[in-house]
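Undergrad: Build me a model:
(one chain, ligands or ions: 1)
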Amino acid sequence: MRLRRKKGTKEWLQEHDQLIILEGRKLRGKWQERAKGKPIHAEFGMGKGGFISEMSARHPEIHYIGIDRYDELLRRSGEKAYEVHEQYGRGEPDNLSLVLFNIEHIEELFAPGEVERIYLNFSDPWPKKRHAKRRLTHPRFLRKFIEILNERGEIYLRTDSVSLFEFSLNSFADLGLRTVEITFDLHRDGTPQGHVMTEYEAKFVGQGMPIYHCRVLVGSEAVATYEEQVRAAWEEDQAAR
Ligand SMILES: C[S@@+](CC[C@H](N)C(=O)[O-])C[C@H]1O[C@@H](n2cnc3c(N)ncnc32)[C@H](O)[C@@H]1O
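TA: As a prediction, the model looks like this:
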């Protein structure tokens, strides 16, 4: 993502240390304290931060963490977060942390079980085969994600790239993970209710492109809850016949 650099970004980030985390490693194992015991949902590669800002304003019961490796994007996301929380009359975005970090080393940012949900929204597809290892759904990344997720842990994947989607479904299967809610056109019947679009998604949807989506059940409780819901829906269906 190419961005024009604003003046004073480094200073801006340092001045907003309630929201911006420049030395995330220091919080490893202490995220629950910062999140005040709330579940932690993280977007890996948040870009300009529209999604994470909107989600955190709508869901004060969750602590959101947006991660990107470019400081300019952290600033854009920070400015966006203040703007969106203001619109919601929420004051300071106190259930949001924006972290400058390379996901390559994610196990140095989070201790095992610290995260409940990971959003992979429009991750770079790295279409060349020789770059497959750079895709965030390559098993080498997924193994790290499984480690940092808790028993209710899930991964939500959204992409415009059919090749990344296919690759990801295979990676999940290779690691024995259960993938549900697989859709090849998330917006076919209109945007789902309560759905928060990302910047990339808005652009692709505007161009009429299909969006691929799935949810991956990682933790044992996530699997059990899903199975319970499926059983309850089946029983309801039977009772109505
Ligand atoms: C294509 S953009 C998607 C942005 C946003 N999620 C959206 O849907 O609008 C991918 C983002 O992931 C970030 N990213 C890619 N690899 C990363 C890594 N290893 N560590 C941190 N951020 C990364 C990029 O800087 C970029 O902002």
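Undergrad: For the rest of this, base every contact and every neighbour count on C-alpha atoms.
TA: OK.
Undergrad: May I have the strands that pair with the biggest strand by length in the chain, each with its orientation?
TA: What stands out as the longest strand in the chain, according to DSSP state E, is strand 149-159. When sheet partners are counted by DSSP bridges, strand 149-159 sits next to strand 115-121 (parallel), strand 212-217 (antiparallel).
Undergrad: List of residues touching the shortest one?
TA: Counting by CA atoms under 8 Å, 6 or more residues apart in numbering, the neighbours of strand 212-217 from elsewhere in the structure are 153-162, 165, 172, 177-186, 223.
Undergrad: any idea which helix or strand comes after that strand?
TA: Counting by DSSP states H and E, the next helix or strand C-terminal to strand 212-217 is helix 220-240.
Undergrad: Flag every buried residue along that next one.
TA: 222-223 (16 or more other CA atoms under 10 Å).
Undergrad: Stretch 155-174 now?
TA: 155-161, 164-165, 167-172.
Undergrad: re earlier: what's the closest of the strands paired with strand 149-159 to the ligand?
TA: Of all these, strand 115-121 sits nearest to the ligand, with 4.4 Å by CA to the nearest ligand atom.
Undergrad: Out of the strands paired with strand 149-159, which is closest to Q18?
TA: Set against Q18 and scored by CA to CA, the strands paired with strand 149-159 come closest in strand 115-121, at 19.9 Å.
Undergrad: So for the helix or strand containing H41, mean pLDDT?
TA: If you go by DSSP H and E, H41 is part of strand 40-44. Strand 40-44 shows a mean pLDDT of 98.
Undergrad: what's the next helix or strand after that strand packed up against?
TA: Proceeding C-terminally, strand 40-44 gives way to helix 50-58 as the next helix or strand, assigned by DSSP H and E. Contacts defined by 3 or more CA pairs under 8 Å, 6 or more residues apart in numbering; DSSP states H and E place helix 50-58 against strand 63-68, helix 71-87.
Undergrad: Name the stretch among the ones you listed that sits most buried.
TA: With neighbours taken as mean count of other CA atoms under 10 Å, the helices and strands packed on helix 50-58 reach their highest mean count in strand 63-68, at a mean of 26.
Undergrad: contact partners of that one?
TA: By CA under 8 Å, 6+ apart, strand 63-68 touches 35, 38-47, 49, 52, 55-56, 74, 95-103.
Undergrad: can you tell if it touches the ligand?
TA: Yes - Strand 63-68 reaches the ligand (CA under 6 Å from any ligand atom) through D68.
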